[in-house]
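[1] got a predicted structure plus its sequence, pasted below:
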Amino acid sequence: MHTWTARLIEIWEENGARVGLLECPADHRPSAGRCLLGAAREGPPPVLPHLLFPGGLLPEGLVLAPGLPLSWQPGIELALRGPFGSGFHLPPKARHVLLAAPQHSPRRLLPLIPLALAQRSEVTLVCHPDFLAALSHPLPPLVEAIPPEALPEALDWADYLAADCPAGLPHLLTEWRGSGQALISVPMPCGNLADCGACAVNTRGGWKLACKDGPVFDLRDLA
Amino acid sequence: MHTWTARLIEIWEENGARVGLLECPADHRPSAGRCLLGAAREGPPPVLPHLLFPGGLLPEGLVLAPGLPLSWQPGIELALRGPFGSGFHLPPKARHVLLAAPQHSPRRLLPLIPLALAQRSEVTLVCHPDFLAALSHPLPPLVEAIPPEALPEALDWADYLAADCPAGLPHLLTEWRGSGQALISVPMPCGNLADCGACAVNTRGGWKLACKDGPVFDLRDLA
Amino acid sequence: MKHDLYLASPLLNAAGTLGFSPRAGLDWLGQLGAFITNPISLHHRSPAHDRTLIPFEGGILLHTGLINPGLRYVLNQHAARWAGLPVPVWVHLIASGPEEAAAMTRQLEGLENVHAVELGLPPEISPAAALSLVKGAHCELPLVVQLPFEQAAQLGPALKGSPAAAFSLAPPRGLLPGQGRLASGRLLGPALLPQALNVVQSLAKAGCPVIGSGGVTCGDDLRAMLEAGAAAVQLDTLLWGLKGPGNLAASIPAEGWGFPLQDEDLDFPPALENQ
Amino acid sequence: MKHDLYLASPLLNAAGTLGFSPRAGLDWLGQLGAFITNPISLHHRSPAHDRTLIPFEGGILLHTGLINPGLRYVLNQHAARWAGLPVPVWVHLIASGPEEAAAMTRQLEGLENVHAVELGLPPEISPAAALSLVKGAHCELPLVVQLPFEQAAQLGPALKGSPAAAFSLAPPRGLLPGQGRLASGRLLGPALLPQALNVVQSLAKAGCPVIGSGGVTCGDDLRAMLEAGAAAVQLDTLLWGLKGPGNLAASIPAEGWGFPLQDEDLDFPPALENQ
Ligand SMILES: Cc1cc2nc3c(=O)[nH]c(=O)nc-3n(C[C@H](O)[C@H](O)[C@@H](O)COP(=O)(O)OP(=O)(O)OC[C@H]3O[C@@H](n4cnc5c(N)ncnc54)[C@H](O)[C@@H]3O)c2cc1C
Ligand SMILES: Cc1cc2nc3c(=O)[nH]c(=O)nc-3n(C[C@H](O)[C@H](O)[C@@H](O)COP(=O)(O)OP(=O)(O)OC[C@H]3O[C@@H](n4cnc5c(N)ncnc54)[C@H](O)[C@@H]3O)c2cc1C
Ligand SMILES: Cc1cc2nc3c(=O)[nH]c(=O)nc-3n(C[C@H](O)[C@H](O)[C@H](O)COP(=O)(O)O)c2cc1C
Ligand SMILES: Cc1cc2nc3c(=O)[nH]c(=O)nc-3n(C[C@H](O)[C@H](O)[C@H](O)COP(=O)(O)O)c2cc1C
Ligand code: FES
Ligand code: FES
C-alpha cells in the first residue's frame, strides 16, 4: 500500500460543505468514485484517516469533495493512501449521461463531466439549486442542470446513470432498468487493508467490500 | 462563580511558547499570580478548561502567559471564569525586588514590574537569555535582567523575592531566609468549584488548595 | 420511615464534582434533582502523596486520594448550608467497614434536607464484602450504592436483595505514564461514554435501578443514558467546564424518566419494567 | 512437540487489523514479531446486518460481525501465502464450543510458518466455559487466549492452569447512539490506553503472561505497556493510519521484553518475575 504526501492548497465552503484543492501528481489522481485516505502529516494523528473523493480537476490540482475535517487548514501537508476501490465506468457508447445527486453536493459526480463531453455525450446533472449555486466554478455550458423534481423525466431520457445518494438510493433509482452505477456511502476504516467488513455491501452477487469492489456498484447488482 | 466572555486578539510565540493577547475588561484582569480558566466558546468543548495566568498588560489588553492550546486561533471568543486564587503581594516597603524564573518563561512574573516600579523599588529579573530575547516587548530600562547563574548574588541583594519554578523550587530558594513568595504549578481541574484536592500543596500550616489559598504561597510556608 | 428516592430532575452531579456544599452563585444548581456531596469518610483523609492529573485522548486521569476533613467536620461546616439549599442533598460516604458505615449513616438521619445516602465501594471489593458494607449502611434514608465501574455488571445483580435502593457508577480506574512512573487514578471525560452506556444497559437489563454516569456532555448523551435504562444521570467533568450543565435540561424527555423510585420497586422499577 | 512462543520483536498486529494475510507492499511488515490473522470461524460468517462505525472522543465503535469466509476457505486462499511471509503467523480462531475448537486447531498443526493459535473468547463467557474452550483448542501449537477486556482480570488467573501459554486482550465493548438506536460494538483508539494499561498490570501482577493492546499509538505508549508488565504489544487502529507502526520499533527497550516464552514459564515468565 503506497503512501504519498501532497499539499492542501486551498479550502472553501460550498453550501456549508468544506471543499479542498490538493496539489496532486497526475499519477495519483483518483478517477471519479475512487477513494483516498488522508491525514494531516503534522499534529496528533486522527484515530482514523479521512476518506476523500475527487470532486473535479482544476489547473492547480485536484478538488476534494465535501467532508474535509475542520482541523485541516490551507497549506498543510497531507499523508495520503490510494487511490483504491472501483469507481464509475462511463460506457463509451453512452450518449445521454445522467448524473444524479438529488440529496447533497454533486461534487463526487463532477469528474465524470469532462469524460462524458470528451466522448460527445449529452450530460444532465440532477442537483439541488443551492448546491449548484455554491459551486466554485460554473458547470460547462453544455451541461444541463435540473432540480431533483425533474429526475423522473430525466430517467426516461438517460442511457447511463451515475448516482450519488448518501442517504440511501431512492426507489426511483433502484427500480430503474437502464444501465447505471451508484456510489455507496459506507465507512472505510481499514481502507482495504484488513477485510474488516465495515464497508460490506450486499449485492446480488453476494457480499462485496466497498473499499475493494466499490464504492461504485452497478445499479443492477444492488440488492 | 461568574463566567464571562472575551476575544483573543492575537497569538504569538516566545521561544516556542504560545502567548496570547486578550481583550479583557479592567474589572476582570487577574493580578500577578492569580488564575483564570478559559475555553473556546465555539467548537467541541475541551475535557477541562485551560488554566491561564496574566503575563503582562498592553494598551490593547491582557497578555496571557505561555501555555495556550494549539487549537486556539486569533479572533476566537473565549469563555472565562475567574480571577480566582491568591496571587503575589508585593510588600509596599520592598526596595530590592527580585523576580526569579530561572527555568522557563518569566511571563507570569512580569505583571509585578509596573507595581514595583510604581513604588520605586529596584527590580532584577532572573531569566534565561533565550526567554528574555523572545519577549514581544523589551523590559522597562529600569529593570536589570540577569542569567540563572547570577541567582545566588541576586539573593544577597534582594529584600523581596517572587519565584516561578514549574519544575520545582531549587534548594537555593527554599532555603532562602528573606521575605518571598512562589507561584506553585499544580493542575487545577475544578478551579475551586469542588475541593477536588488535585491542587493540594503541603505547607507548614497544613494542606492548602492552590486554587483558593494559592497558587502563590509564602516561601516560609512551603514545607 | 424511609424517604422515597424522589427526583424533580434526572440531572445530578457526581460525588466529588461540586464540593461538600455548592459554591455560592451556581445559577444552574436548581437544574439538579439533588446535590451530591464529595466523598466523606469517618476520619479525615489528607491528599494522596502521589496525587496527579494526566490528560489522555478524550479524558483525564485524576488521583487525589479522596481528600476530606472527616464526617464530624463536614457536618459542622456544611449541614446548616444543606438545610438551606434549593435542591435535596445526597451525602456520599466512604467507609472502611460495616460498623464505620453504620456509625456514619446514623449521624445523617434526621438532618434537614438530606434525602439519601450514596455509599462508595472500594475498588475490587468482593460481592460478600460489598453486601456487608451495604447492610452496615442501612438506615432510615434511602441508600444509593456507587459501584466500582469494572465490577458493576457483577456487583449490581449480587446486591439486588440488599438494602440498596439504586446503584450509581464510580469512574473506571486507569494507568498512565506520568512523572517517570505509571500513575493510577480515576478516568473521567467523554471517552468513557460508550463503556458507561454499556454498563448502564447491562445493569438495567438485570433489573437493577441504575443512575448512569461517565462522559455525559450533551443532550444526545443524556438521552442515550436514559434510553440505555438509566433512571437518572450524574454529570462529572462537564460541571467543571465553563457552562455548567448548559442547556442539558432541555433534553430531558417530556415523557419522564426512571424516578420516582421507591424501595419496594427495587426489582422492577417502573422505568425498567417496559424494557 | 510444542513450538515456543518466540518473538523477534514485541510488536504484533491485533487480529482483524491486517486481513487474513497481509497486503503486498507493507514495507513495515518485518517490524512485527508475528502476523496475526483476522478472526476465523469453522463456518463462514457474513457481515452483521447492523454493522456500524461510530466515532467518539478518542476512539471509534466498530461492529462488523466477525466477517470471515470460514476456515477451509481461508486455508485454501492463504496458507500458501503464510508459508512465504517474512514473519511467523499466528492464526486467530473463534469457536462456538470445544469440539469446534479442536476440529479447527487440528487443521493448523504442521502448517508451514504457523507458529501459534490465538483463540478468541466470546463476550461474557464464564470461567468454566472458557476453560473448556481452551482445553478444546489445546494442540501442538502454543495457544494464546484472547480475553474479553471486561473480564480479563478475572478470567486470566482462572485460566492459569490451562493450556494457555499467554493471554491477549479483545477490545472492550461499548454502546453509542447511532441511526436512531443504541448500537453495540468494539471500542478502539487512544482513549482505551489507560484502561488497557490497568488490565495488563493486573494480569501481570497475577503472574499471567500477557500481550497488551488497546490505544497504543506512540513509543511512550509502547514503553508504558511493557512497564505495566506486557510481554509484547498488539497494535490496532494505528496500523490503519498512514504511517503503519511508524518508528515504534525505535522505542523497544534495548534490555529486551517478555518473550521468548515457553509453556513452562506460564506462572512466572522471566519478564514478570522481576516486578
Ligand atoms: C482494529 C481492529 C480491527 C478489527 N477488525 C476486524 C474485522 O475487520 N473483522 C473482524 O471479524 N474482526 C475484527 N476485529 C476483531 C474484533 O474486534 C473482534 O474480533 C470482534 O468482536 C468484532 O466485533 P464485532 O462487534 O463486530 O462483533 P461482535 O458483535 O463482538 O461479534 C459478533 C457475535 O459473535 C460473538 N462472538 C464474539 N467473539 C466470539 C468468539 N470468540 N467466539 C464465539 N462467538 C464470538 C459475539 O458474542 C457476537 O454475538 C478487529 C479488531 C481490532 C483490534
Ligand atoms: C469529576 C469527579 C471529580 C471528583 N473529584 C473528587 C475530589 O475532588 N475529591 C474526592 O475525594 N473525590 C472525588 N471524586 C470521586 C472520586 O472519583 C472517587 O471517589 C475516588 O476514587 C477518588 O479517586 P482517587 O484515585 O483519587 O482515589 P483512590 O485511589 O481511588 O482512593 C484512594 C484509596 O481509597 C480507597 N478507596 C476508594 N474508594 C473507597 C471507598 N469507598 N471506601 C474505602 N476505601 C476506598 C482506594 O482503594 C484507594 O486505596 C470525583 C469524582 C468525579 C466523577
Ligand atoms: C481506609 C483508607 C484510608 C486512607 N487514608 C488516607 C489518607 O488519609 N491520606 C492519604 O494520602 N491516603 C490515604 N489512603 C490511601 C493510601 O494512602 C494510598 O493513597 C492508596 O492506598 C493508594 O491506592 P491506589 O494505588 O489504589 O490509588 C487511605 C486508604 C484507605 C483504604
Ligand atoms: C456462533 C455465531 C455465529 C454467528 N454467525 C453470524 C453470521 O454468519 N452472520 C451474522 O451477520 N451474524 C452472525 N452472528 C452474530 C449475530 O447475528 C449477531 O450479529 C450478534 O449476535 C449480535 O450480537 P451483539 O449484540 O453482541 O453484537 C453469529 C453469532 C454467533 C454467536
Ligand atoms: S474498509 Fe475494511 S474491508 Fe473495506
Ligand atoms: S482545583 Fe480542585 S480543589 Fe483546587
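    Thanks, I have it. Ligands and ions are numbered 1, 2, ... in the order given.
[2] how much space between whichever residue of the stretch 151-275 of chain C sits closest to ligand 5 and D:A191?
    Checking the stretch 151-275 of chain C residue by residue against ligand 5 with CB to the nearest ligand atom singles out C:P194 as nearest, at 20.4 Å. Using the backbone N, CA and C atoms, a C-beta is placed for each residue, glycine as well. Distance check for C:P194 against D:A191: by CB to CB, to the nearest Å, it reads 9 Å.
[3] mutual contacts of the two, please.
    Contact criterion CB atoms under 8 Å, 6 or more residues apart in numbering or on different chains; residues shared by C:P194 and D:A191: D:56, D:59.
[4] which ones are touching A:P66?
    Neighbour list for A:P66: A:14, A:17-19, A:55, A:104-105, A:107 [criterion: CB under 8 Å, 6+ apart].
[5] by pLDDT, give me the weakest of those residues.
    Within the set of the contacts of A:P66, pLDDT is lowest for A:A17 (89).
[6] so what's that one bridging to?
    Listed by DSSP bridges, the beta-bridge partners for A:A17 are A:E14.
[7] now do it against chain B, distance only.
    Applying CB to the nearest CB, to the nearest Å, one obtains 18 Å for the distance of A:A17 from chain B.
[8] would you mark the buried spots in the helix or strand of chain A with the lowest mean pLDDT?
    The least trusted helix or strand in chain A, going by mean pLDDT, DSSP states H and E, turns out to be helix A:171-174, with a mean of 85. Buried residues in helix A:171-174, defined by neighbour count with 16 or more other CB atoms under 10 Å in any protein chain shown: A:L173.
[9] how much space between C:D220 and D:L176?
    10 Å.
[10] between the two, who's got more neighbours?
    When C:D220 and D:L176 are compared on other CB atoms under 10 Å in any protein chain shown, the one with more neighbours turns out to be D:L176, at 23 against 13.
[11] doesn't that one belong to a strand?
    Yes - assigned with DSSP: H, G, I helix; E, B strand; the rest coil, D:L176 falls within a strand.
[12] contact partners for it?
    Taking CB under 8 Å, 6+ apart, we find D:L176 in contact with C:193-194, C:197, C:224, D:54, D:56, D:61, D:182-183, D:185.
[13] adding neighbour count and distance to D:G136, write the contacts of A:P66 out as JSON lines.
    Formatted as JSON lines, the entries for those read as follows, by neighbours: other CB atoms under 10 Å in any protein chain shown; distance: CB to CB, whole Å:
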{"residue": "A:E14", "neighbour count": "21", "distance to D:G136": "58"}
{"residue": "A:A17", "neighbour count": "17", "distance to D:G136": "53"}
{"residue": "A:R18", "neighbour count": "16", "distance to D:G136": "53"}
{"residue": "A:V19", "neighbour count": "23", "distance to D:G136": "55"}
{"residue": "A:G55", "neighbour count": "26", "distance to D:G136": "53"}
{"residue": "A:H104", "neighbour count": "19", "distance to D:G136": "51"}
{"residue": "A:S105", "neighbour count": "26", "distance to D:G136": "53"}
{"residue": "A:R107", "neighbour count": "25", "distance to D:G136": "54"}
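[14] and which of the residues you listed is nearest ligand 6?
    Within the contacts of A:P66, distances to ligand 6 taken as CB to the nearest ligand atom reach their minimum at A:R18, with 37.8 Å.
[15] the closest one reaches A:L68, doesn't it?
    Yes - judged on CB atoms under 8 Å, A:R18 makes contact with A:L68 at a distance of 4.2 Å.
[16] joint contacts of those two?
    With contacts taken as CB under 8 Å, 6+ apart, the residues that reach both A:R18 and A:L68 are A:I11.
[17] low-scoring stretches of chain A, by residue?
    Within chain A, the stretches falling below the threshold (pLDDT under 70) are A:1, A:223.
[18] how about the residues of it that lie near chain C?
    Of all the residues in chain A, those in contact range of chain C (CB under 8 Å from any CB of the partner chain) are A:V47.
[19] got the contact list for the most centrally placed residue in chain A?
    What sits nearest the mean C-alpha location of chain A, by CA atoms, centre = their mean, is A:R108, with 2.7 Å. With contact set as CB under 8 Å, 6+ apart, A:R108 has these partners: A:32-33, A:53-55, A:65, A:101, A:164, A:183.
[20] where do the helices of chain A begin and end?
    Using DSSP state H, the helices of chain A run over residues A:112-118, A:129-134, A:151-157, A:171-174.
[21] C:K135 touches C:A95, doesn't it?
    No - taking CB under 8 Å as the definition, C:K135 is not a contact partner of C:A95, at 11.7 Å.
[22] among the two, which residue is more densely surrounded?
    Neighbours per residue (other CB under 10 Å) separate C:K135 from C:A95, with C:A95 holding more: 23 against 16.
[23] tally of neighbours for the nearest residue to that one once chain neighbours are set aside?
    Computed as CB to CB, 6 or more residues apart in numbering or on different chains, the closest residue to C:A95 that is not its neighbour in sequence is C:A101, at 3.8 Å. Applying other CB under 10 Å, we find 25 other residues in the vicinity of C:A101.
[24] quick check: the gap between C:A101 and ligand 4.
    From C:A101 across to ligand 4, the span is 37 Å (CB to the nearest ligand atom, to the nearest Å).
[25] is the spatially closest residue to A:P187 that is not a sequence neighbour bridged to anything, and to what?
    For A:P187, the nearest residue in space outside its immediate sequence neighbours is D:L53; the separation is 3.9 Å by CB to CB, 6+ apart. Beta bridges link D:L53 to D:L62, judged by DSSP bridges.
[26] show me the contacts for the residue nearest to A:L48 when sequence neighbours are not counted.
    Beyond its immediate neighbours in the sequence, the residue positioned closest to A:L48 (CB to CB, 6+ apart) is A:P189, lying 5.4 Å away. By CB under 8 Å, 6+ apart, the residues touching A:P189 are A:48, A:196, A:198-199, D:53, D:60, D:62, D:237, D:240.
[27] ok, A:P189 to D:G189 distance?
    Using CB to CB, which is the criterion applied here, A:P189 is 11 Å from D:G189.
[28] who touches both of these two?
    With contacts taken as CB under 8 Å, 6+ apart, the residues that reach both A:P189 and D:G189 are D:60, D:237.
[29] how many neighbours does the residue of chain A found nearest ligand 6 have?
    Ranking the residues of chain A by distance to ligand 6 (CB to the nearest ligand atom) places A:P44 first, at 25.8 Å. The number of residues packed around A:P44, counting by other CB under 10 Å, is 12.
[30] do the one 5 residues further on as well
    By the criterion of other CB under 10 Å, A:P49 has 25 neighbours.
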